[in-house]
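Student: Got a predicted structure here, sequence first:
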Amino acid sequence: MDKNKILIEIEIPLIEKKYDIFIPINKKIGTMKSLIETALIDITDQAYTQKKDSNFYSKETGEIYDVNKTIRDTDLKNGSRIVLI
């Protein structure tokens with residue numbers, strides 16, 4: 001397995017869906033949030049709409065992830081669960 005990526009579960013309450021995705025650990029949270037939201041718009045036939053004030057939250061702790069941190073500088077690891085609100 002590629003050590004530069006991790007597998008996370010992302011839950012999107014707005015559309016009542018969960019997805020397992022691989023994300024690179026060298027990208028910033030903000031960059032990944034934008035890319036994931038763009039993909040969600042496409043795969044949900046625009047049922048998901050991108051919001052300027054959306055954030056990633058830890059499913060376990062409720063912590064908001066800082067958009068300026070890289071994935072490797074957070075507690076995210078294989079199997080982590082996050083929520084996009």
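Tutor: Okay, I see it.

Student: For the spatially closest residue to Arg72 that is not a sequence neighbour, give me its contacts.
Tutor: The shortest distance from Arg72 to any residue other than its chain neighbours is 4.2 Å, reached at Ile25 (CB to CB, 6 or more residues apart in numbering). From N, CA and C alone the C-beta is placed, and that goes for glycine too. With CB atoms under 8 Å, 6 or more residues apart in numbering as the criterion, the residues that contact Ile25 are 4-6, 70-72, 76.

Student: In TSV, list these along with pLDDT.
Tutor: Conversion of these to TSV gives the following (pLDDT from 0 to 100):
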residue	pLDDT
Asn4	95
Lys5	97
Ile6	97
Thr70	98
Ile71	97
Arg72	97
Leu76	97
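
Student: Out of the residues you listed, which is nearest to Ile85?
Tutor: Leu76 (16.6 Å; CB to CB).

Student: Isn't the closest one up against Glu9?
Tutor: No - using CB atoms under 8 Å, Leu76 and Glu9 do not qualify as a contacting pair, with a distance of 11.0 Å.

Student: what touches both of these two?
Tutor: Residues touching both Leu76 and Glu9 (CB under 8 Å, 6+ apart): Ile82.

Student: Give me the more crowded residue out of those two.
Tutor: Between Leu76 and Glu9, counting by other CB atoms under 10 Å, Leu76 is the more crowded of the two (22 against 14).

Student: who are the neighbours in contact with the more buried one?
Tutor: The contact partners of Leu76, by CB under 8 Å, 6+ apart, come to 6, 8, 23, 25, 65, 82.

Student: Neighbour-wise, give me the winner out of the residues you listed.
Tutor: In terms of neighbour count, Ile82 stands highest of these at 25 neighbours, by other CB under 10 Å.

Student: Give me the nearest residue to that residue, chain neighbours excluded.
Tutor: For Ile82, ignoring the flanking residues on the chain, the nearest one in space by CB to CB, 6+ apart is Phe56 at 4.9 Å.

Student: what does Asp20 give?
Tutor: Asp20's closest residue in space is Glu9 (CB to CB, 6+ apart), at 5.4 Å.

Student: Report the beta-bridge partners for the one you found.
Tutor: Listed by DSSP bridges, the beta-bridge partners for Glu9 are Asp20, Arg81.
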